[in-house]
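Trainee: following is a predicted model, sequence given first.
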Amino acid sequence: MTSNGTTYLLTDVRPLGGDPVDVRIDGESIGAIGTRGSLAAEGAHVVAGAGRVLLPGLVDLHTHLREPGREDAETVATGSAAAALGGFTAVHAMANTEPVADTAGVVEQVWHLGQQAGLVDVFPVGAVTVGLRGERLAELGAMADSTAGVRVFSDDGRCVSDAVLMRRALEYVKAFDGVIAQHSQEPRLTADAQMNEGELSGRLGLRGWPAVAEEAIIARDVLLADHVGSRLHVCHVSTAGSVEIIRWAKSRGIAVTAEVTPHHLLLTEDLATSYDPVFKVNPPLRRPADVAAVREALADGTIDIVATDHAPHPVEDKECEWNVAAFGMLGLEQALAVVIETMVAPGLLDWAGVADRLSSAPARIGRRTGHGTPVEVGQPANLVLVDPWARRPVDPAASASRSRNNPYAGRDLPAPVVATFLRGRPTVLDGALCAPAGPRP
Amino acid sequence: MNRHLLSAADLSHEDAVLVLDTARELAAVTGRAVKKLPTLRGRTVVNLFFEDSTRTRISFEAAAKRLSADVINFSAKGSSVSKGESLKDTALTLQAMGADAVVIRHSASGAPHRLAHSGWISAAVVNAGDGTHEHPTQALLDAYTMREHLAGGAGDLSGRRVTIVGDVLHSRVARSNVLLLHTLGAEVTLVAPPTLLPVGVETWPCEVSYDLDAPLPKSDALMMLRVQRERMDAAYFPSEREYARRYGLDARRAALLPDHAVVMHPGPMNRGMEITAEVADGPRSVIVEQVTNGVSIRMAVLYLLLGGAEPA
């Protein structure tokens, strides 16, 4: 299926929630934008927008696609399908695969798998240290210079806890405008930690994960970034204290960006009362006050983006005792729904804000110029058509992901994604995947 | 009564007193030459122990057998439980075998909750100690022992002062005791170094003290918790000797207690660490009695959970 020469006409759509217009896609780009009825429909596939919202295709800076190594949990193809259904046109695949994405060879493999699947652009994240072991730097330059053109480096899942190594990494990636995405978790303060440390962890007898374990690393890292003049990105901010530190750092002009996950925007620690490991995640779900703080920070720009931390796990790694269960939850397919529920509906963020936090800002942090572009003539036709009113209970079995660890199961949430276009080609139409999930099984 | 006993918080005041009263009636059986009642004949009780605890297992085993239940001991320690999926597989096996009650001991907090609420099994689930969470039958037997000595073996523990000393952070016994003793009207004081108290302990229904001597003259019961020596390797306290000096019960401290006060310990004891041999074997000690009462309490719990609606 080629996109060249195929024309789509999206009628009665509201770019970024603005006035309704018709948008014509010619080939890979936006060919024309005009008032309703002003663009010729002949020869075009018409997609009736019915007043729905048109956004630039979403960009996820933090996705676990598990391939290579854990194809029982997810593959690049199945994760790409979940991403397209969630309205994404680009995802950044985290490095904690088996083997670890710490060489040019592995990142190029992931890059090519993404191209083969063809549903979203898969941008590999390179590991900061060899094997994620936190001992010595991986060949960051080779990954940057590879076909994959890596710009985001992270040991996500583990913290680069050694202060000297973190300093060197921050300095080194300046040579190719890279960014270190830090998983902020002081390892000694969180040995065997299971959930947010507080009154509830004491009552449930689950080992506590103090907020300070996150905040202490963020504080150190923003000071290091300031000292060496480098870009720092803070993964999955989960506490009110972290927000305060980042706000302070930004006020000082430090080049720090930050993300929050959909689940930290919506879910709270009390879900651990069920001892159901579907709610076990790293960093852990926190208190309602933390949820309020990260929402406010996302609204005022202290937190720059929403990133899913989509973390698929096979059933057996979750259908067990809490202590031995894997950390992580799915996120790609419900990310926009959660943002609508927690940010748009309460009036904390308008549609332009959504486009910024889920598309243009993450593309900018990842230095991906072909994504997160404005909905304007001549720009790449990476688009998502959003129905702000549709709702339905989340059914994990309906997911395109290979895994089912969906923390929103049964929750009534928005079901916003109507259509997704990747460079002019529809990957989702009428809420359903419309392209084969690539040549791989 | 709830269908399961997972937490001491599952017990209302009425439930708790009913368990204690039932245990007292059943204790009479233990004194007889033939220690057996036909109450649970034909019912199957499984002791599912994922963690070694010979004393708790034999206590439940004796309790079930004295009620004429068929008892199956299932020790999963050492089998492939490291990934945890065998909790489900084991549950499905027990379900297929027709277990009426499952007594579960597990190193993971919440494992009994998972077993009871996952839909894998229809049996009544009794928590026999899960991780650092709870151990409700231990709290019941402790309350029973206190009630015998301090309240004439009837009613509740209103106004009695109980001091619990030691590693509260890692203690399932302390959690269950605070909840149950509060339900029964007792006033509880926890004593520990600050490192061995959980974050949020100030929200628990009890007092907290870093000093052991102060609450002793007003304590009706003093419960010493086991403190593992390994804790000092993780910097919870500097040394065994310092712990014993500041938080151990020796003869000098025991002398600060009122004359009627009892000394308790859930066992197994570290003699010389949290308690000296002199006090453990002394006249105030009711530690051996706790073990005896454990059987009666577990008989009462099994009896009440397995549908013994009428008095024994």
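Mentor: The structure has been received and is ready for your questions.
Trainee: make it CA atoms for all contacts and neighbour counts henceforth
Mentor: OK.
Trainee: isn't there a strand covering A:V237?
Mentor: No. Using DSSP: H, G, I helix; E, B strand; the rest coil, the secondary structure at A:V237 is coil, not a strand.
Trainee: ok, now which ones touch B:A277?
Mentor: Residues near B:A277 by Cα atoms under 8 Å, 6 or more residues apart in numbering or on different chains: B:R271.
Trainee: please redo it, this time with the cut-off set to 10 Å
Mentor: With contacts defined as Cα atoms under 10 Å, 6 or more residues apart in numbering or on different chains, the neighbours of B:A277 are B:L249, B:D250, B:A251, B:M269, B:N270, B:R271.
Trainee: leaving out sequence neighbours, find the closest residue to the fifth one.
Mentor: To tie it back to what came earlier, the one meant is B:N270. Using Cα to Cα, 6 or more residues apart in numbering or on different chains and skipping residues adjacent in sequence, the residue nearest B:N270 is B:R226, 6.6 Å away.
Trainee: kindly report the same for the first one.
Mentor: Here the nearest residue to B:L249 in space, its sequence neighbours aside, is B:I275; by Cα to Cα, 6+ apart that works out to 4.7 Å.
Trainee: buried set for stretch B:114-124?
Mentor: B:R114, B:L115, B:A116, B:H117, B:S118, B:W120, B:I121, B:S122, B:A123, B:A124 (16 or more other Cα atoms under 10 Å in any protein chain shown).
Trainee: now stretch B:180-200
Mentor: B:180-184, B:186-194, B:196-199.
Trainee: can you check stretch A:269-282 too?
Mentor: A:269-272, A:274-282.
Trainee: and for stretch A:204-221?
Mentor: For stretch A:204-221, by 16+ other Cα under 10 Å, it's A:204-219, A:221.
Trainee: just stretch B:198-217 next, same as before
Mentor: For stretch B:198-217, by 16+ other Cα under 10 Å, it's B:P198, B:V199, B:V201, B:W204, B:C206, B:V208, B:S209, B:L212, B:D213, B:P215, B:L216.
Trainee: stretch A:94-113 now?
Mentor: Those would be A:94-97, A:100-104, A:106-113, for stretch A:94-113 by 16+ other Cα under 10 Å.
Trainee: convert the C-alpha atoms of stretch A:123-132 to PDB, please.
Mentor: C-alpha atoms of stretch A:123-132 as PDB (Å, rounded to 0.1, in the frame of the first residue of the first chain):
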ATOM      1  CA  PHE A 123      13.000   5.800  17.100                       C
ATOM      2  CA  PRO A 124      15.200   3.700  19.200                       C
ATOM      3  CA  VAL A 125      16.500   5.000  22.500                       C
ATOM      4  CA  GLY A 126      20.100   4.100  23.100                       C
ATOM      5  CA  ALA A 127      21.400   2.800  26.500                       C
ATOM      6  CA  VAL A 128      23.600   5.200  28.400                       C
ATOM      7  CA  THR A 129      25.800   2.500  29.800                       C
ATOM      8  CA  VAL A 130      26.900  -0.900  28.500                       C
ATOM      9  CA  GLY A 131      24.200  -3.500  29.400                       C
ATOM     10  CA  LEU A 132      22.500  -0.900  31.500                       C
END
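Trainee: in helices only, show me the buried residues of stretch A:94-113.
Mentor: Of the positions in the buried residues of stretch A:94-113, A:A104, A:V106, A:V107, A:E108, A:Q109, A:V110, A:W111, A:H112, A:L113 sit in helices, assigned by DSSP state H.
Trainee: what two of the residues you listed have the greatest distance between them?
Mentor: A:A104 and A:L113 (14.2 Å; Cα to Cα).
Trainee: so which residues on the stretch 51-200 of chain B come close to chain A?
Mentor: B:81-88, B:106-115, B:117-118, B:130-134, B:168-172, B:175-176, B:197-200 (Cα under 10 Å from any Cα of the partner chain).
Trainee: which of those residues are buried?
Mentor: B:83-88, B:106-115, B:117-118, B:130-134, B:168-172, B:175-176, B:197-199.
Trainee: ok, for A:D72, nearest residue in space, not its chain neighbours?
Mentor: Per Cα to Cα, 6+ apart, closest to A:D72 is A:P314, 6.5 Å.
Trainee: tabulate the buried residues of stretch A:269-282 in a markdown table, adding columns for distance to B:L26.
Mentor: Shown next, in a markdown table, are the buried residues of stretch A:269-282 (distance: Cα to Cα, whole Å):
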| residue | distance to B:L26 |
| --- | --- |
| A:E269 | 42 |
| A:D270 | 39 |
| A:L271 | 40 |
| A:A272 | 38 |
| A:S274 | 34 |
| A:Y275 | 34 |
| A:D276 | 37 |
| A:P277 | 40 |
| A:V278 | 42 |
| A:F279 | 42 |
| A:K280 | 43 |
| A:V281 | 46 |
| A:N282 | 49 |
